[in-house]
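Engineer: A predicted structure for the sequence below; I have some questions about it.
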Amino acid sequence: MSLFSLINTYQRFCLFGHENIDGDCVGSMLALGDVLTAMGKEVSYHTPIKPSMYFDFLPTVSRISHTFDYPTGDVCLIFLDFTPYSRIGGFTKGYETYFDSHYKLVIDHHPDPRQRGNVELKDTTASSNCEWLYELLMQDEQLACLITPDVATYLLM
């Protein structure tokens, strides 16, 4: 199943980055978020700890919230650059069942035998999650054409 067909079945997305978010995770979140928004999707961005001020040069980094309101209804959760719930511990304390009851897509380049997603798109040979996300986007013509200069900048993080 392609990334396009997976995301085309949902309208609402919550993108998650890990605690102590780094450039690879910030770039993955903002790049995928822009692509989803260009597809007309509703997107929210979450990480347990506010991104460092070092990322303030990115005009849309303020989209990333360090809070999470547990939405109801049909929503797809996307974990970027991590697999285990422990990497978003600030959101999961006592709420693991919430995450388990929603459709989850994991896009990651780290080796981890624990499966958390309904679908996991992993490439442990990729040097970064941004590299892996770029490869996934380029596999589908409909997604590749949504790589704008801003998305390219995020993927270079």
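Structural biologist: In hand now; what should we look at? A quick note: this is a predicted structure, and the numbers were derived from the prediction, not measured.
Engineer: End to end on stretch 79-91, go ahead and measure it.
Structural biologist: By Cα to Cα, to the nearest Å, the extent of stretch 79-91 from end to end equals 13 Å.
Engineer: Would you mark the buried spots in that stretch?
Structural biologist: Buried residues in stretch 79-91, counted by 16 or more other Cβ atoms under 10 Å: F79, L80, D81, F82, T83, Y85, R87, I88, F91. In short, each C-beta sits where N, CA and C put it, glycine included.
Engineer: and the third one, how far is that from V26?
Structural biologist: Look at D81 and V26: by Cβ to Cβ, to the nearest Å, they are 9 Å apart.
Engineer: T92 reaches F99, doesn't it?
Structural biologist: Yes: assessed by Cβ atoms under 8 Å, T92 is found in contact with F99 at 6.5 Å.
Engineer: Any idea which residue is closest to the centre of this protein?
Structural biologist: Nearest to the mean C-alpha position of the chain, by Cα atoms, centre = their mean, lies L80 at 3.7 Å.
Engineer: check contacts around that one.
Structural biologist: L15, F16, G17, C25, S28, M29, L32, I107, D108, N129, L133 (Cβ atoms under 8 Å, 6 or more residues apart in numbering).
Engineer: about what we covered before: pull up the overlap in contacts between T92 and F99.
Structural biologist: With Cβ under 8 Å, 6+ apart, T92 and F99 have common neighbours Y85.
Engineer: in this protein, which helix or strand is least confident?
Structural biologist: helix 96-100 (a mean of 79; mean pLDDT, DSSP states H and E).
Engineer: And that helix, what does it pack against?
Structural biologist: Counting contacts by 3 or more Cβ pairs under 8 Å, 6 or more residues apart in numbering; DSSP states H and E, helix 96-100 packs against no other helix or strand.
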